[in-house]
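Colleague: Below is the sequence, then the predicted model.
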Amino acid sequence: MTARRVRTRIAPSPTGEPHIGNMYAALFCKAFAEEHNGQFILRIEDTDRTRYVPGAVQMLHDALTWLHLEPDEGPLTGGPFAPYTQSERLPLYHQLAEQLVTSGHGYYCFCTPERLAQLRAGQEARHEPSHYDRVCIRLSSEEVQERLRGGVPHTVRLHIPHEGSVTFDDKIRGTVTFDAHTLTDHILLKSDGYPTSHLAIPADDHLMEISHVIRAEEWLSSVPYYVLLYQAFGWQLPVFAHLPVLRNADRSKMSKRKNNTSVTWYRNQGFLPEAIVNFLALLGWSHPEGKEIFSFTEFRHLLTLERIVKSGPIFDTKKLEWMNGVYIRQLSVAELAERVQPFLETTTIERSYLERILPLVQERLRMLSEVSTALEPFVRDPDPTALPFATAIKRVPLPELRQGLELATAALEQLTTPDAGQFEERIRTLAAKLGWKAGDLFMGLRVAITGSSASPPLFAFCEAIGWGRALHRLHAGIDALPTR
Ligand code: GLU
């Protein structure tokens, strides 16, 4: 076997929103190819025309680009092995199917869909695995020619050996063996002239010189068919590495019903691409030093296929949120200001003000989409009649709270250029004089000034919105409190 240049690919079907599972495979393919100075290819498997969704190829490409996993070759990028879309490669598959028939590794099948449905129903009733009964392999070549000439609809099937086994190596799963009698003479070319994946995948992997087929475990059972096909053509097998299937929290296969699987959804929620990439890298693979936070570059330097586990990792959205928060905190204020732009729905916030207030909420953001709500208190005065004094402060009756806040306001108004130390000291002294816990007085101020009991540090908040505005809010809050 000759060593080849590294070429990897993902081969998604354009059937809707770009799936996070495809991006997971793309990450491993891209990292592996890039680390070995190879190429990563996007190939579109659109041979099932009934499931084709217009626009899906563009969305796939955009999702890859957003995650910085751009393909080196693909339908929108071009490349030396174009076309990269299977529906544009039909003559190639026809030619290969004919070659297989000629060499005896394939045969024409004229069975009607009705006959096949009947066959399947019978097998199901007898609890037999469904398989084709090979009636058409027994047709004489004259009969075959006659039917072909007569335009009888037909398919081409792979001729599976009747006994023995098919064995291949998988970098993640080790040696995998399938008994030949568990395989069926799969259709390679359908009667509509389109290939099935059992022909198109191995054919294109060969023709596009793919060296490593890194993809999801759910495709493992189709490999014996590829192996037989590769043998029939005398082609060199690629290296196989079947990634563990991503799972929902209940360990079922990750699905739309239990998890968000669309990349667009994660993007719209304000997940950072670098956090998603880091998170996906940790699914089924672990950093040799046990690190949880690392860049794509670090990942690709350390990635070996042998380090990937077999069993399905759980896609834990809470962990992704945590990780996203870590990445948000690592951003410079200018960078964060840039990234939150699409999420600032309400008022436009002046850039310099935005950069002043963002550090105060950065710590608590888990997703960029939370930014509007987090910044709300900085841009809009709270409704004084809706302030949560009563729920936030249990120990002080509201009329007393009013008096305390009036005194606090007076004390603060005396400060010409307040600093954090003075502010704190004044409030503490006053609380002691009133016989209150200082926390209650701070909470009263916090509720009046920010509109909420959970907010960024109070002094910094007042500085950010300006002391004049803070005092104005304080007066409005006090006016809303009962006098008795
Ligand atoms: N077409 C398959 C998919 O939609 C990919 C099969 C492969 O990677 O070989 O995921």
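Modeller: Received the coordinates, thanks. Please read all numbers here as calculations on a predicted model, not as lab measurements.

Colleague: Can you name the residue of the stretch 51-200 of the chain nearest to the ligand?
Modeller: Across the stretch 51-200 of the chain, no residue is closer to the ligand than Ser197, which sits at 6.2 Å (C-beta to the nearest ligand atom). For glycine as for every other residue, the C-beta is placed from the backbone atoms N, C-alpha and C.

Colleague: Contact partners for the residue lying closest to Ala390 once chain neighbours are set aside?
Modeller: Counting by C-beta to C-beta, 6 or more residues apart in numbering, Leu398 is the residue found nearest to Ala390 once chain neighbours are left out, at 6.5 Å. Residues near Leu398 by C-beta atoms under 8 Å, 6 or more residues apart in numbering: Phe389, Ala390, Leu481, Pro482.

Colleague: these two touch, right, the third one and Leu405?
Modeller: Put plainly, it is Leu481. Yes. Under the criterion of C-beta atoms under 8 Å, Leu481 lies in contact with Leu405, with a separation of 7.2 Å.

Colleague: Can you give the contact residues for stretch 438-452?
Modeller: When contacts are taken as C-beta under 8 Å, 6+ apart, the neighbours of stretch 438-452 outside the stretch itself are 377, 381-384, 386-389, 392-393, 395-396, 401, 404-405, 408, 427-428, 430-432, 434, 453, 455-456, 458, 461-462, 465, 470, 473-474, 476-478.

Colleague: rerun that using 6 Å as the cut-off
Modeller: 377, 382, 387-389, 392-393, 395-396, 401, 404-405, 427-428, 431, 453, 455, 458, 461, 470, 473-474, 477 (C-beta atoms under 6 Å, 6 or more residues apart in numbering).

Colleague: With just CA atoms, put that stretch into CSV.
Modeller: Output for stretch 438-452, consisting of C-alpha atoms alone and laid out as CSV, is shown next (Å, rounded to 0.1, in the frame of the first residue of the first chain):
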residue,chain,number,x,y,z
ALA,A,438,-26.0,47.0,55.2
GLY,A,439,-27.1,44.5,52.6
ASP,A,440,-30.7,45.7,52.9
LEU,A,441,-29.7,49.3,52.2
PHE,A,442,-27.5,48.3,49.3
MET,A,443,-30.3,46.2,48.0
GLY,A,444,-32.8,49.1,48.2
LEU,A,445,-30.4,51.3,46.2
ARG,A,446,-29.8,48.5,43.7
VAL,A,447,-33.5,47.9,43.1
ALA,A,448,-34.2,51.6,42.7
ILE,A,449,-31.3,52.4,40.4
THR,A,450,-31.0,49.2,38.3
GLY,A,451,-34.6,48.0,38.4
SER,A,452,-33.6,44.6,39.6
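
Colleague: Next, find the distance separating Asp479 from the ligand.
Modeller: Relative to the ligand, Asp479 is positioned 63 Å away (C-beta to the nearest ligand atom, to the nearest Å).

Colleague: residues near the closest residue to the ligand within the stretch 301-450 of the chain, how many?
Modeller: Using C-beta to the nearest ligand atom, Leu305 is the residue of the stretch 301-450 of the chain that sits closest to the ligand, at 15.3 Å. A count of nearby residues for Leu305, using other C-beta atoms under 10 Å, gives 17.

Colleague: mind checking pLDDT for it?
Modeller: We have a pLDDT of 94 for Leu305.

Colleague: Assess the claim that it and Lys171 are in contact.
Modeller: Yes. With contacts defined as C-beta atoms under 6 Å, Leu305 counts as touching Lys171 at a distance of 4.1 Å.

Colleague: any shared contact partners between these two?
Modeller: Taking C-beta under 6 Å, 6+ apart as the contact rule, Leu305 and Lys171 both touch Ala241.

Colleague: returning to what we had before: keep only those of the contacts of stretch 438-452 that are in strands.
Modeller: When DSSP state E defines the strands, the subset of the contacts of stretch 438-452 inside them is empty.

Colleague: Out of these, list just those in helices.
Modeller: Secondary structure assignment (DSSP state H) places 377, 389, 392, 401, 404-405, 427-428, 431, 458, 461, 470, 473-474, 477 from those within helices.

Colleague: still on that earlier bit, take the contacts of Leu398 and lay them out in a markdown table including neighbour count.
Modeller: Formatted as a markdown table, the entries for these read as follows, by neighbours: other C-beta atoms under 10 Å:
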| residue | neighbour count |
| --- | --- |
| Phe389 | 20 |
| Ala390 | 12 |
| Leu481 | 21 |
| Pro482 | 10 |
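
Colleague: Run through the bridge partners of the residue in the stretch 151-300 of the chain that the ligand sits nearest to.
Modeller: Taking C-beta to the nearest ligand atom, the ligand has its nearest neighbour within the stretch 151-300 of the chain at Arg215, 3.7 Å off. With DSSP bridges applied, Arg215 shows beta-bridge pairing to His242.

Colleague: wait, it sits on Ala26?
Modeller: No. Judged on C-beta under 6 Å, Arg215 makes no contact with Ala26 at a distance of 10.0 Å.

Colleague: quick one: which of these two has more around it?
Modeller: Here Arg215 and Ala26 are compared on neighbour count by other C-beta under 10 Å; more neighbours surround Ala26, at 28 against 25.

Colleague: returning to what we had before: select only the buried ones of the ones in helices among the contacts of stretch 438-452 in PyMOL?
Modeller: In PyMOL, a selection of the buried entries from the ones in helices among the contacts of stretch 438-452 looks like this (16 or more other C-beta atoms under 10 Å):
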select buried, resi 377+389+401+404+405+427+431+458+461+470+473+474+477
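
Colleague: just the ones in helices among the contacts of stretch 438-452 now: which is nearest Leu228?
Modeller: Of all the ones in helices among the contacts of stretch 438-452, the one sitting nearest Leu228 is Pro377; the distance, using C-beta to C-beta, is 66.2 Å.

Colleague: residue nearest the centroid of the chain?
Modeller: Nearest to the mean C-alpha position of the chain, by C-alpha atoms, centre = their mean, lies Ile20 at 3.0 Å.

Colleague: Just the local confidence number for the nearest residue to that one once chain neighbours are set aside, please.
Modeller: If the residues on either side of it in the chain are set aside, Ile20 comes closest to Thr261, at 5.2 Å by C-beta to C-beta, 6+ apart. Note on Thr261: pLDDT of 91.
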